[in-house]
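K.L.:
I need the structure of the sequence given here:
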Amino acid sequence: MKMGYETNMRIVKVMGNKPVTATVGDKFCHFRSTFEYNWSLYCEFRKEQGLIKDWTFEQTTFKFAGETFGPVRYLIDFDILNNDGTFHYEECKGRLVGRDNTKFRRVAKYRPEIVIDLIMQRLPRKNKSKGANRRRIAEKYVRRIVDASVIFSQLRGVINFK
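P.N.:
Numbers count the residues shown, from 1 in each chain. Below you'll find the model as predicted:
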């Protein structure tokens, strides 16, 4: 894992993500990773199939006014407009870190009406690894955890994933 610096000199971890700038459907987006780009293709596919009404990328930020440490805001990856007019949110993660579960817990605390689906690039193995423990914690706060690798392999050839 490499280390880098943001403009405010706060140390950030670089996870090897490759940013993608692309137009998906009628939306021009700057994706932080190929995984997010591929998930947007799947969102557009669901829209075309009539499974959802629409989707947007990084449009909603949740703020946690009562918090003074850790994450105080959370920019969600995908807003999904369901066919019945309700929203749910989808968050793409290659791997979970402790900060992610803090965000999920705070959304549940401050906005319990919000429904989040966690989209994992691959599910962590169910053993005693950190990834498996973090997954068990996340399960308490999200509606469901989706294994994107299964969806991508089933739709390869139907959708041109990167």
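K.L.:
C-alpha only now, for contacts and for neighbours.
P.N.:
Will do.
K.L.:
Show me the contact partners of the longest strand anywhere in the chain.
P.N.:
The residue-count maximum for a strand in the chain (DSSP state E) belongs to strand 87-93. Contacts with strand 87-93, where a contact means Cα atoms under 8 Å, 6 or more residues apart in numbering, come from 35-36, 39, 76-82, 114-121.
K.L.:
Can you flag the buried ones in the residues you listed?
P.N.:
35-36, 39, 76-82, 115-121 (16 or more other Cα atoms under 10 Å).
K.L.:
Show me the contacts of strand 87-93 that map onto strands.
P.N.:
Those of the contacts of strand 87-93 lying in strands (DSSP E): 78-81, 116-120.
K.L.:
hey, where'd the strands end up in this protein?
P.N.:
Counting by DSSP E, the strands of the chain are 2-5, 11-14, 20-24, 27-31, 54-57, 61-63, 73-75, 78-81, 87-93, 116-120, 144-147.
K.L.:
Can I get these in TSV including distance to Glu48 and mean pLDDT?
P.N.:
Output for those, formatted as TSV (distance: least, Cα to Cα, whole Å; pLDDT from 0 to 100):
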stretch	distance to Glu48	mean pLDDT
strand 2-5	39	46
strand 11-14	34	49
strand 20-24	12	94
strand 27-31	14	95
strand 54-57	9	97
strand 61-63	26	94
strand 73-75	26	94
strand 78-81	13	98
strand 87-93	18	96
strand 116-120	20	96
strand 144-147	21	95
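K.L.:
middle-most residue in the chain, spatially?
P.N.:
What sits nearest the mean C-alpha location of the chain, by Cα atoms, centre = their mean, is Glu91, with 1.8 Å.
K.L.:
Run a quick neighbour tally on Asn127.
P.N.:
9 (other Cα atoms under 10 Å).
K.L.:
For the nearest residue to Arg32 once chain neighbours are set aside, grab the count of nearby residues.
P.N.:
In this structure, Arg32 finds its nearest non-sequential neighbour in Pro19, 4.5 Å apart by Cα to Cα, 6 or more residues apart in numbering. When neighbours are counted by other Cα under 10 Å, Pro19 registers 14.
K.L.:
Nothing else from me, thank you.
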